[in-house]
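Colleague: Got a sequence here, can you model it:
(2 chains)
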Number of protein chains: 2
Amino acid sequence: MSESFSTLRINPTRLFDSFSALSLIGATGYGGVNRPALGEAHLAARDWFRIEAESAGLEFRVDGAGNHSAIVIARATARHLHRTAFGAVQVSNLQHGREIASSGDALLAKTLLLGSHLDSVPNGGRFDGALGVAAALEVLKTVKENGINLKFDLEAIDFTDEEGTLVGLLGSSALAGRLHPERLKNPRGGRQNLLDGLARAGLSEAGIFTAVRPKESLAGYLELHIEQSKRLERMGIDIGIVSAIVGIRSYRLGFIGRADHAGSTLMTDRADASLGASAFTLAARELVMRDFPDCVVNIGKMDFAPGVFNIVPARVDLSLEFRSPDEKQFEKMDAALMTCAKEQAARFDLGLEIECFEKHAPNAMTAEVQQAFADSCDDLGLTHVSLASGAIHDGQSFDGICPIGMIFVPSVDGASHAPREFTQWEDCVKGVNVLLQTVLRLGSR
Amino acid sequence: MSESFSTLRINPTRLFDSFSALSLIGATGYGGVNRPALGEAHLAARDWFRIEAESAGLEFRVDGAGNHSAIVIARATARHLHRTAFGAVQVSNLQHGREIASSGDALLAKTLLLGSHLDSVPNGGRFDGALGVAAALEVLKTVKENGINLKFDLEAIDFTDEEGTLVGLLGSSALAGRLHPERLKNPRGGRQNLLDGLARAGLSEAGIFTAVRPKESLAGYLELHIEQSKRLERMGIDIGIVSAIVGIRSYRLGFIGRADHAGSTLMTDRADASLGASAFTLAARELVMRDFPDCVVNIGKMDFAPGVFNIVPARVDLSLEFRSPDEKQFEKMDAALMTCAKEQAARFDLGLEIECFEKHAPNAMTAEVQQAFADSCDDLGLTHVSLASGAIHDGQSFDGICPIGMIFVPSVDGASHAPREFTQWEDCVKGVNVLLQTVLRLGSR
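Modeller: Modelled structure (predicted):
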């Protein structure tokens, strides 16, 4: 990297004004925002993105999955612009079609994506996702105003529906070519809500799949995000460099007993499904804390049947989710939890039904990107630590497709997905400067 | 009692035919019946009652709460009969009005009620309630055909809605003058279902309260019922003489934690409401089995909020019910369970909200009636044991109003409220003969 760039910093006042304006969109009045994907507030936040991009003289475009982009095009490449059917400016070049793989046009630069998302969970916080988008735009503005000619196109991208109000990682998986059509048929947010959201945004189900980009076009994906846990705050460290995004497995465990009269049936004569479910809930926590200390487990729900005061529970269906940053450890943890469930069911003479809902493997971040983040922190005099992300993020859509990397800034009290979500402003600025310096480091010609 | 009556027995063939016909009404095809209160099948079962009564030459009547009665009138009293507004024959005498208290008419006999109910829980068994009604009718038929002149009127009564599909103990509490109007305003089965049921049966809300009878008119209440637990079967004993009907207390316990991201929040940073609820469920069972061995406790339901896979449960509302046959013990048990809940909440850094739903005191059976049952068993050469009823029954409506007593016949495998509910036929016959002999013993002039 050119020596002259290592002293470059983002404009904290411009970033503050921009982020503050964004935080007002869908604001809930308690410091939080309510911007579920493709709802009115989310669409308004996307207008903020377009205005930010256009007023900074950045190229702006929207793809078929509704992903919003602002671009600084490397000067070595020249492209034509035209209006898309949606009225947005779209870059018309081979980079955005499958033809690139066979074109072999050496003049076409790859694109480094800097992304995050503007949608929030219902009644969420103003930092999750939004800070990463504001950071990406600020980095582009800094690059552009300083006339820096990187070896890749630099693209700030707001991915559609990261949080899963509708589908989850919708925009990033569509762009990566990893969105399975069946995920749209029975989305977690409900099919009609998805169709309504697409209609509101002027999108179509078929159009979503046109967002795919060839892997050869991608130089990498970087993201700045809030940590969402207390590790950085406790350690007093500036920057978390993500080593991996945890994998997630979820199961429904059905503990099966027998409905009996809750008055006349002696305690010793019951096959009470609540006992197996309760004992498993406690034992699973002990097991994970003891044997898998960098993993987490959650029992988010139990459904009792028949579910009345005066009948012994015949069946309890338990919603189990657990996460691990390491696939080998994941297998061991899975086996240990299933053994635990069987033991607790047997202990109370219950049957057990095991139904697997999802298995997402952990995603390791690219070593070279982690190193570039670390070097940037060192140059900036910031402390850093390697840690896993317990939450999922858009970056995992690009695992195996292009280099990926993420940094975390500290979350006060670890709060997230709630209005009290907060990051000190100086910590935000530090993180965005690390992002800028890492882009310069990776993109220097 | 006259020596000549002590050899009298019911007619087991007639009882079998009658009970078998009843068992076909609302039959579910697996030995069970589905006769929720005031549904079509229940109304059909009431027609069976009317036909049984009329074809045996018994007086038949229906009161404003829909209770169906068949009566053998003591010969010393003479009464006029007239048709009620509902088309049923109703006894018109001072015994059915409040005037009796002041009438002082020594010629008017009191009434001994032999009761139970023809309604079932949804998809219940054919013995619960129905056997007691068939037994009562068989006792009346035996008394009538043998021309026995008792010192009280003898009335077989089918009480409306014992099981609580609509209200619970509706008919018996109305007759006892203990039905609070507000129980009809927000009934457990839903207000509209209650109104629909009353309309189907030709009843009215106001009419229900006309079913009240002065306590001076009641000689007592006797009931034969299936045990609904395994004690008699295990001990190999013929007859259970009920010492008390357990009291019931029910609470909603709200364990209050904090919603957090189930991936990014470290295990040690969670306030997970599921842990308090689960630990309480296990500890409450241990506590009751250890310190209150003749009591029972049930956690019939837990409601998780927000109740999704990937959020740490912020709140779990737990439906707690426990029963005791003794009021003093009940107080100790209540205090011990509430202390347990507080301890388990504190153990996991959770808040606790306690909401009491109901407190029904235990109802002791009348000592003289228990003795009469025991003497009858001895005369019949049947083994008997004193035990508490873990289930509620119509008899408790008459606690403090008139003498009350109940006997149990063995339940195979303790099953109840299910199609597999079963009592050996010879055990049924033994029980009905005990009921007959006890009526004769109490009613001999």
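Colleague: gap between the closest residue to A:Val143 other than its chain neighbours and A:Leu112?
Modeller: Closest residue to A:Val143 apart from its sequence neighbours, by C-beta to C-beta, 6 or more residues apart in numbering or on different chains: A:Val72 at 5.4 Å. C-beta: built from backbone N, CA, C; applies to glycine. Noted for A:Val72: a distance of 10 Å to A:Leu112, by C-beta to C-beta, to the nearest Å.
Colleague: intersection of neighbour lists for these two?
Modeller: A:Leu150, A:Asp153, A:Leu154, A:Glu155 (C-beta atoms under 8 Å, 6 or more residues apart in numbering or on different chains).
Colleague: JSON lines please, covering these and showing secondary structure.
Modeller: Formatted as JSON lines, the shared contacts of A:Val72 and A:Leu112 follow (DSSP: H, G, I helix; E, B strand; the rest coil):
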{"residue": "A:Leu150", "secondary structure": "coil"}
{"residue": "A:Asp153", "secondary structure": "strand"}
{"residue": "A:Leu154", "secondary structure": "strand"}
{"residue": "A:Glu155", "secondary structure": "strand"}
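Colleague: A:Asp378: which of those is nearest?
Modeller: Distance to A:Asp378 across the shared contacts of A:Val72 and A:Leu112 (C-beta to C-beta) is lowest for A:Leu150, with 21.4 Å.
Colleague: Now do that closest one: how many residues are near it, please.
Modeller: 21 (other C-beta atoms under 10 Å in any protein chain shown).
Colleague: Report the contact partners of the residue of the stretch 301-445 of chain A found nearest chain B.
Modeller: With C-beta to the nearest C-beta, the shortest gap between the stretch 301-445 of chain A and chain B falls at A:Gly390, namely 3.8 Å. A:Gly390 sits next to A:Gln228, A:Ser229, A:Val246, A:Val296, A:Arg323, B:His261, B:Gly263, B:Ser264, B:Thr265 when contact means C-beta under 8 Å, 6+ apart.
Colleague: Next one, pLDDT for it please.
Modeller: A:Gly390 carries a pLDDT value of 94.
Colleague: can you check A:Glu358 too?
Modeller: Looking at A:Glu358, its pLDDT stands at 85.
Colleague: and the next element down the chain from the strand or helix carrying it?
Modeller: Counting by DSSP states H and E, the element that carries A:Glu358 is strand A:351-360. The helix or strand immediately downstream of strand A:351-360 is strand A:363-364, counting by DSSP H and E.
Colleague: got a list of contacts for the next helix or strand along the chain from that next one?
Modeller: Once the chain leaves strand A:363-364, the next helix or strand it forms, by DSSP H and E, is helix A:367-380. Residues outside helix A:367-380 that contact it (C-beta under 8 Å, 6+ apart): A:6, A:220, A:222, A:238-239, A:241-243, A:383-384, A:386, A:403-405, A:407, A:430, A:433-434, A:437-438, A:441-442.
Colleague: list the buried ones in helix A:367-380?
Modeller: For helix A:367-380, the buried set under the neighbour-count rule, 16 or more other C-beta atoms under 10 Å in any protein chain shown, comprises A:Val369, A:Gln370, A:Ala372, A:Phe373, A:Ala374, A:Asp375, A:Ser376, A:Cys377, A:Asp379, A:Leu380.
Colleague: try stretch A:256-276
Modeller: A:256-267, A:269-276.
Colleague: Return only those of those residues found close to chain B.
Modeller: Filtering the buried residues of stretch A:256-276 for neighbours of chain B using C-beta under 8 Å from any C-beta of the partner chain leaves A:259-267, A:269, A:272, A:274-275.
Colleague: in a helix, that's where A:Gly254 is, yeah?
Modeller: No. A:Gly254 sits outside any helix when classified using three-state DSSP, being strand.
Colleague: residue contacts, it?
Modeller: By C-beta under 8 Å, 6+ apart, the neighbours of A:Gly254 are A:Arg315, A:Val316, A:Asp317, A:Leu318, A:Gly351, A:Leu352, A:Glu353, A:Ile354, A:Glu355.
Colleague: What distance do you get for it to chain B?
Modeller: To chain B, A:Gly254 is 15 Å away according to C-beta to the nearest C-beta, to the nearest Å.
Colleague: what's the answer for A:Val296, then?
Modeller: Using C-beta to the nearest C-beta, A:Val296 is found at 6 Å from chain B.
Colleague: how many neighbours does that residue have?
Modeller: The tally of other residues near A:Val296 (other C-beta under 10 Å) stands at 26.
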